[in-house]
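Trainee: After the sequence you'll find the predicted model.
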Amino acid sequence: MSTRHIFAGTVILSVDPTATALLFEEKGKRCDFCHTKSPSLLRCKGCASYYYCDANCQTLHWKRVHKRMCKAFNSWSASSGYQSLPAHEKMNLLLCSHLMSTMGTSDGLEDPRSELNLVISMMRDPSCVVPAVDICPLSGRYSANQRKLWDQLYQRFGRNNFALHSHYTTYAHGIYPLASRVFNHSCVPNAAAKYIIERGAPVRMEIVALADIAEGEEIFITYMDPALIQKRIETLGYTYGFLCDCLSCKYFQSFGNWDMQAIPHPPRNFSPMLITLKEFMPCTSLELFSGKRMLPETLRFVFNEDFLTSMTKSFSDQSHDGPFPRALVTGEIVLWVYKLIYPENYPQIGMHLLELAKTAWNAMMTSDEDSQQVEVLMNQRPVDVFRNYLEAARKNLMVIGEEGDQGGPLEEIQILEDNLATTLASLGIKLT
């Protein structure tokens, strides 16, 4: 609950992780301590399975985590029991091993304010079955109580871990117990998590306000992609143990089924209906879910996951391989649906706007024919289409701010803006 008025873009919480673990496909590409990407990482001489930016990162990780796992890690990770587990259980066991190693030789339960007690106090998953495979054996002397802790921790992982992302692509999992305890879920969140990667430092989570939040208003983040509408009941109910009653869920349940399976499949020929959608826009998700705007029933199919998946794939294919004018039309439809699902300033909208800007640039630079088609289809000069998308992307992504690795979307936008005037001047196009 907010104790004061919070403006959009404000960092509400900034916290370091209790433990993190890189996804298996990221091993050797990122530092195991600070998660910085590097083509030349130092390899642990003991196990040859952990990688670091330099001696500083290696020392910090060694003291905090790795010295208690190094000798046993390879035999444990290669064991038939561990290798037989599903990928998500392997990740959870690895993360649990990192957490237990972080505790050192103390069980950490004496202090009620300790991070371990905070993890233990989080909601457990009663349906979770703890794997028969133990965590990575740790060196040192441990109490009997401590050896029983890991199953309690594991039962809390599925519901409380965070997927760490750089430029909104997941690369690791982490435990941030304070954030898990403080923020509830909504499919129309007013805040979002971002991750700050800095060489030589733990990956810091920041919770950022996506919109102005009034004093006394609850602060929400989302536990899953709000666009996965038909998977909400299963995901939230099975993984987190609750059913969401946010404005978005109530809206989609009003279609006829509490489990949101009444969202119709797209008709074979939906092109004429998209004209109606174009006429309906602009509209925000808040206007739609609050009842201020009424979407025609014939357009409800746009919320079907099959439709959105198909359209986003078509846009991706067309924006890379062409035809670029057609890609802009497809991408514009995706943008309309995103705006009807996601809350204002949600980063996925900004990332899509950036892709639309790059597609408009490709259309403008590829051929005169493509440029002419863009002007006909979008009813604007191609350069104006490009600039409008780019400015909208900047406005959206500036709210969440810089995040992840260097060379992110905001830097990309700045480069495009810096190059625009020079490139267009060489083509004899005058900016107004």
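Mentor: Received, thanks.

Trainee: The residue nearest in space to the middle of the chain: what's it in contact with?
Mentor: Taking Cα atoms, centre = their mean, the centroid of the chain lies closest to Tyr168, which sits 4.5 Å from it. Neighbouring residues of Tyr168 by Cβ atoms under 8 Å, 6 or more residues apart in numbering: 347-348, 351. All C-beta spots, glycine's among them, are computed from the backbone N, C-alpha and C.

Trainee: By neighbours, which of the residues you listed wins?
Mentor: Ranked by neighbour count (other Cβ atoms under 10 Å), the contacts of Tyr168 have Pro347 at the top, with 21 neighbours.

Trainee: since we're on the nearest residue to that residue once chain neighbours are set aside, how many residues are nearby?
Mentor: Spatially, and ignoring its direct neighbours in sequence, Pro347 is nearest to Ile400 (5.2 Å; Cβ to Cβ, 6 or more residues apart in numbering). Neighbour count of Ile400, defined by other Cβ under 10 Å: 24.

Trainee: mind listing what's buried in stretch 67-78?
Mentor: Under the neighbour-count criterion of 16 or more other Cβ atoms under 10 Å, stretch 67-78 has 67-70, 73, 76-77 buried.

Trainee: what packs against the helix or strand containing Lys313?
Mentor: When secondary structure is defined by DSSP states H and E, Lys313 falls within helix 305-321. The contact analysis (3 or more Cβ pairs under 8 Å, 6 or more residues apart in numbering; DSSP states H and E) places helix 305-321 against helix 324-341, helix 347-366.

Trainee: My reading is that Tyr171 lies in a helix. Confirm?
Mentor: No. Counting by DSSP: H, G, I helix; E, B strand; the rest coil, Tyr171 is located in no helix; its state is strand.

Trainee: which residue sits closest to it, ignoring its sequence neighbours?
Mentor: Glu26 (5.0 Å).

Trainee: What's the separation between that neighbour and Ser38?
Mentor: 12 Å (Cβ to Cβ, to the nearest Å).

Trainee: Run a quick check on Cys53 versus Arg43, I expect a contact.
Mentor: No. The pair Cys53 / Arg43 is not scored as a contact, 11.8 Å apart, by Cβ atoms under 8 Å.

Trainee: ok, back up a step: got TSV for the contacts of Tyr168, with distance to Gly237 and pLDDT too?
Mentor: Formatted as TSV, those follow (distance: Cβ to Cβ, whole Å; pLDDT from 0 to 100):
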residue	distance to Gly237	pLDDT
Pro347	26	97
Gln348	24	97
Met351	29	98
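
Trainee: Now render the residues you listed as TSV, adding distance to Ala262.
Mentor: Shown next, in TSV, are these (distance: Cβ to Cβ, whole Å):
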residue	distance to Ala262
Pro347	29
Gln348	25
Met351	30
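
Trainee: of all the residues you listed, which comes closest to Asp212?
Mentor: Pro347 (17.3 Å; Cβ to Cβ).

Trainee: So what's the predicted local confidence for Leu377?
Mentor: Here the pLDDT value assigned to Leu377 is 82.

Trainee: secondary structure element for it?
Mentor: Assigned by DSSP H and E, Leu377 falls within helix 368-378.

Trainee: What is that helix packed up against?
Mentor: helix 324-341, helix 347-366, helix 382-400.

Trainee: Is it possible to get JSON lines of these that adds distance to Asp306?
Mentor: Shown next, in JSON lines, are the helices and strands packed on helix 368-378 (distance: least, Cβ to Cβ, whole Å):
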{"stretch": "helix 324-341", "distance to Asp306": "13"}
{"stretch": "helix 347-366", "distance to Asp306": "19"}
{"stretch": "helix 382-400", "distance to Asp306": "26"}
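
Trainee: which one of those lies closest to Glu89?
Mentor: Going by Cβ to Cβ, the one of the helices and strands packed on helix 368-378 nearest Glu89 is helix 347-366, 28.3 Å.
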